[in-house]
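A.B. asks: sequence plus the predicted model coming up.
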Amino acid sequence: MSDDLMRIARRLEEDASRLASGELDDATAAKLAEEIAKAAAEAAALVERALRDQAPAPRAPGQESLPLGG
């Protein structure tokens, strides 16, 4: 796992714990929930990018490629 993804995961865990504690006022909890959503989206983008950067999986037997272009 990348350092960026680890950093985001730690932040998400910490923020989720703060949110679950019930000690935040409504406005602070709402803002924290927005930050959690943004961090989760950032993590998803990092994972997606990492998956795209990997070598493509080998074709299964009998699987043909689609023609490119118009």
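C.D. replies: Alright, I've got the coordinates. Every value quoted in this text rests on a predicted model; they were computed, and no experiment measured them. Numbers count the residues shown, from 1 in each chain.
A.B. asks: roughly how far out does the helix ranked longest in the chain sit from the chain middle?
C.D. replies: When the chain is parsed with DSSP state H, its longest helix is helix 26-53. Taking C-alpha atoms, centre = their mean, to the nearest Å, one finds the center of helix 26-53 at 6 Å from the center of the full chain.
A.B. asks: packing partners of it?
C.D. replies: helix 3-20 (3 or more C-beta pairs under 8 Å, 6 or more residues apart in numbering; DSSP states H and E). Where C-beta positions appear, they are placed from N, C-alpha and C, glycine not excepted.
A.B. asks: tell me what the helix it packs on is packed against?
C.D. replies: Against helix 3-20 (3+ C-beta pairs under 8 Å, 6+ apart) you get helix 26-53.
A.B. asks: now the helix it packs on: average pLDDT?
C.D. replies: When pLDDT is averaged over helix 26-53, the result is 94.
A.B. asks: could you give the angle of that helix to helix 3-20?
C.D. replies: With axes from the mean of the first three to the mean of the last three C-alpha atoms, to 10 degrees applied, the angle from helix 26-53 to helix 3-20 works out at 150 degrees.
A.B. asks: just the buried positions in helix 26-53, please.
C.D. replies: Residues of helix 26-53 classed as buried: Ile36, Ala39, Glu42, Ala43 (neighbour count, 16 or more other C-beta atoms under 10 Å).
A.B. asks: which of those sits closest to Arg10?
C.D. replies: Ala39 (10.2 Å; C-beta to C-beta).
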